[in-house]
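**Q** 3D model of this:
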Amino acid sequence: MKQLQAIIGIPSAILLLLGLYFSYQPLLYIALAGCFAALVIRQVRLHKYSYMLGHPDRRYDESGYDASADPLDQAETYAAEEEEREK
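**A** You can find the predicted model right below:
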(Lines give C-alpha, C1' and ligand atoms only; values in the text may rest on other atoms or scores of the structure.)
Protein backbone atom coordinates (compact mmCIF):
# COMPACT_ATOMS: atom_id res chain seq x y z
CA MET A 1 0.00 0.00 0.00
CA LYS A 2 2.92 2.32 0.78
CA GLN A 3 4.41 1.63 -2.66
CA LEU A 4 1.10 2.40 -4.36
CA GLN A 5 0.96 5.69 -2.48
CA ALA A 6 4.46 6.56 -3.69
CA ILE A 7 3.73 5.47 -7.26
CA ILE A 8 0.71 7.79 -7.39
CA GLY A 9 1.97 10.60 -5.15
CA ILE A 10 5.45 11.34 -6.49
CA PRO A 11 4.51 11.74 -10.17
CA SER A 12 1.43 13.72 -9.14
CA ALA A 13 3.57 16.11 -7.12
CA ILE A 14 5.92 16.59 -10.08
CA LEU A 15 2.97 17.14 -12.42
CA LEU A 16 1.51 19.62 -9.96
CA LEU A 17 4.72 21.66 -9.96
CA LEU A 18 4.90 21.55 -13.77
CA GLY A 19 1.24 22.51 -14.07
CA LEU A 20 1.77 25.47 -11.76
CA TYR A 21 4.97 26.56 -13.51
CA PHE A 22 3.51 26.43 -17.01
CA SER A 23 -0.01 27.50 -15.96
CA TYR A 24 -1.54 24.52 -17.77
CA GLN A 25 -4.89 23.86 -16.14
CA PRO A 26 -5.69 20.33 -17.40
CA LEU A 27 -2.36 19.08 -16.03
CA LEU A 28 -3.05 20.90 -12.79
CA TYR A 29 -6.40 19.15 -12.30
CA ILE A 30 -4.93 15.72 -13.10
CA ALA A 31 -2.11 16.33 -10.61
CA LEU A 32 -4.52 17.49 -7.91
CA ALA A 33 -6.61 14.35 -8.40
CA GLY A 34 -3.47 12.21 -8.08
CA CYS A 35 -2.37 14.02 -4.92
CA PHE A 36 -5.85 13.56 -3.46
CA ALA A 37 -5.76 9.84 -4.29
CA ALA A 38 -2.35 9.50 -2.61
CA LEU A 39 -3.65 11.22 0.53
CA VAL A 40 -6.70 8.94 0.61
CA ILE A 41 -4.42 5.90 0.34
CA ARG A 42 -2.35 7.30 3.20
CA GLN A 43 -5.42 7.64 5.40
CA VAL A 44 -6.51 4.09 4.59
CA ARG A 45 -3.02 2.83 5.36
CA LEU A 46 -2.78 4.67 8.68
CA HIS A 47 -6.31 3.79 9.79
CA LYS A 48 -5.06 0.72 11.64
CA TYR A 49 -3.06 3.02 13.92
CA SER A 50 -6.02 5.25 14.78
CA TYR A 51 -6.40 3.65 18.21
CA MET A 52 -2.74 4.21 19.11
CA LEU A 53 -2.74 7.80 17.86
CA GLY A 54 -5.93 8.75 19.70
CA HIS A 55 -6.05 10.51 23.03
CA PRO A 56 -6.48 8.02 25.91
CA ASP A 57 -9.33 9.94 27.52
CA ARG A 58 -11.50 10.12 24.44
CA ARG A 59 -12.90 6.64 25.06
CA TYR A 60 -14.55 7.37 28.41
CA ASP A 61 -16.69 10.08 29.90
CA GLU A 62 -16.47 11.20 33.55
CA SER A 63 -18.27 8.11 34.86
CA GLY A 64 -15.87 5.76 33.10
CA TYR A 65 -18.37 4.39 30.63
CA ASP A 66 -18.29 4.87 26.89
CA ALA A 67 -20.98 7.39 25.91
CA SER A 68 -19.94 7.72 22.28
CA ALA A 69 -22.30 6.94 19.40
CA ASP A 70 -19.39 6.54 16.97
CA PRO A 71 -18.98 2.86 15.98
CA LEU A 72 -15.21 3.23 15.55
CA ASP A 73 -14.86 4.54 19.10
CA GLN A 74 -17.03 1.70 20.38
CA ALA A 75 -14.92 -0.87 18.54
CA GLU A 76 -11.71 0.62 19.92
CA THR A 77 -13.15 0.62 23.43
CA TYR A 78 -14.13 -3.01 23.06
CA ALA A 79 -10.64 -3.91 21.80
CA ALA A 80 -9.00 -2.05 24.67
CA GLU A 81 -11.21 -3.78 27.23
CA GLU A 82 -10.43 -7.17 25.68
CA GLU A 83 -6.70 -6.48 25.96
CA GLU A 84 -7.10 -5.47 29.62
CA ARG A 85 -9.03 -8.68 30.36
CA GLU A 86 -6.29 -10.82 28.79
CA LYS A 87 -3.63 -9.37 31.08
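**Q** Find me the pLDDT at residue 58, would you?
**A** pLDDT for residue 58: 61.
**Q** Okay, buried residues for the one helix or strand residue 19 maps to please.
**A** Taking DSSP states H and E as the criterion, residue 19 maps to helix 2-22. Of the residues in helix 2-22, 5, 8-9, 12, 15-16, 19 count as buried by neighbour count, 16 or more other CB atoms under 10 Å. To be clear about C-beta, it is placed using only N, CA and C from the backbone, and glycine gets the same treatment.
**Q** of the residues you listed, closest to residue 38?
**A** For the buried residues of helix 2-22, the closest approach to residue 38 (CB to CB) belongs to residue 9, at 3.3 Å.
**Q** What are the structural domain limits within this structure?
**A** 1-48, 54-87 (automatic domain parsing).
**Q** Lowest average pLDDT across those domains?
**A** Here the lowest mean pLDDT among the domains of the chain goes to domain 54-87, at a mean of 60.
**Q** Tell me who's in contact with residue 13.
**A** 31, 35 (CB atoms under 8 Å, 6 or more residues apart in numbering).
**Q** what do you get if the cut-off is 10 Å, keeping everything else the same?
**A** 31, 34-35, 38 (CB atoms under 10 Å, 6 or more residues apart in numbering).
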